[in-house]
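1. sharing a sequence plus its predicted fold:
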Amino acid sequence: MFDGRDLCIATMHQKETFIAPVLEQALGVRCFTCSELNTDLMGTFTGEIERSGTPVEAARQKCIRAMALTGCDLAVSSEGSFGSHPVVGFIPCDEEILFFCDRKHHIEIVVRELSTKTNFAGDDVQDFEALKQFALRARFPSHGLILKDLSGRVIAKGIADWDKLSEKFNQALCIGVPVKVETDMRAHFNPTRMRVIEACAHKLVAAIKSSCPACGMPGFVVTDAEPGLPCELCHLPTRSSLKHIRTCKNCGHRNEILYPHQKQFEDPMYCDFCNP
Ligand SMILES: [Zn+2]
Ligand SMILES: [Zn+2]
């Protein structure tokens with residue numbers, strides 16, 4: 001279905017470095033990027049342009065634009081979101097989405113990779129020593145940083161060496177303290193994020209290769225989760241998944257996977273009754 005076809009990777013920031021080899025090897029596609037595509041117009045991490053709509057919608061729009069610009073009928077786009085872990089909370093988390101669109105066969109597949117492997121952080125600093133401590137925790141200089149002045153205006157982004165960090169910090173100090181420092185989450189300044197995107201690409205391949213048992217269409221993936229996995233201690237239902245439900249977008253065929261995480265009970269740590 002995909003062998004020998006061209007596939008446009010609708011990304012900036014060199015994400016294709018980690019996505020293309022995975023897709024080419026598994027699907028036999030020929031990947032290329034579209035240099036005219038400015039995905040920054042659809043929202044930036046550094047906050048100059050606010051992203052509108054959900055991450056999935058933003059990813060879909062990137063694919064649509066890339067296909068319009070290149071005339072290619074096969075595209076993949078990527079979208080990342082950062083924040084607190086949706087279940088555990090307080091732990092910084094990277095959620096990556098890959099959106100696959102095949103216009104020829106009317107297929108759209110979305111996969112997500114949720115990872116706590118991220119340096120995502122931000123802080124207000126008063127002096128260079130505090131900035132240095134933040135930088136070291138954020139794996140600088142292999143990972144980039146952003147400096148903003150006290151009003152939140154970007155002084156510099158993509159800072160990836162100590163000299164530049166010191167120079168830009170002094171520039172920000174002239175405007176006033178505190179200076180805001182943030183991790184630069186753009187993929188080309190964040191190797192840790194690149195690894196999560198790569199893991200997501202493998203997940204995408206698995207989803208594409210999973211075909212519907214009824215009609216054979218690719219993308220027979222988990223579309224819903226049913227909570228209620230019983231707590232190991234009190235046996236009351238927890239919020240953890242008891243079942244995963246896979247649905248075919250083409251013919252509507254569905255099946256249920258009981259105990260999707262290969263366990264029949266949940267750790268009481270995640271039980272609202274035992275550990276409220
Ligand atoms: Zn089907
Ligand atoms: Zn319990």
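-> Done, it's in. Numbering: from 1, shown residues only. Ligands and ions are numbered 1, 2, ... in the order given.
2. quickly list what the closest residue to ligand 1 within the stretch 51-200 of the chain is bridged to.
-> Per Cβ to the ion, Ile107 is where the stretch 51-200 of the chain lies closest to ligand 1, at 11.2 Å. The way it works is simple: take the backbone N, C-alpha and C, and place the C-beta from them, glycine included. Under DSSP bridges, the beta-bridge partners of Ile107 are Asp102.
3. shaky segments in the stretch 1-150 of the chain?
-> Low-confidence segments of the stretch 1-150 of the chain (pLDDT under 70): 39-52.
4. quick one, helices of it?
-> Applying DSSP state H, counting those that start in this stretch to the stretch 1-150 of the chain gives helices spanning 16-27, 55-70, 128-137.
5. quickly list what Ala10 is bridged to.
-> Here Ala10 sits in beta bridges with Ser77, going by DSSP bridges.
6. tell me the contacts of Leu165?
-> The contact partners of Leu165, taken as Cβ atoms under 8 Å, 6 or more residues apart in numbering, are Leu131, Ala135, Phe140, Pro141, Leu145, Leu147, Ile159.
7. which stretches of the chain form strands?
-> Counting by DSSP state E, the chain has strands at residues 6-10, 30-33, 74-84, 92-102, 107-115, 122-125, 145-148, 154-159, 179-183, 221-227, 241-247, 254-258.
8. nearest to Thr192, out of the ones you listed?
-> strand 92-102 (7.9 Å; Cβ to Cβ).
9. quick one: the closest one to helix 16-27, angle?
-> With axes from the mean of the first three to the mean of the last three Cα atoms, to 10 degrees defining the directions, strand 92-102 sits at 50 degrees from helix 16-27.
10. for Ala75, what are its contacts?
-> Residues near Ala75 by Cβ under 8 Å, 6+ apart: Leu7, Cys8, Ile9, Ala10, Cys63, Ala66, Met67, Phe100, Cys101.
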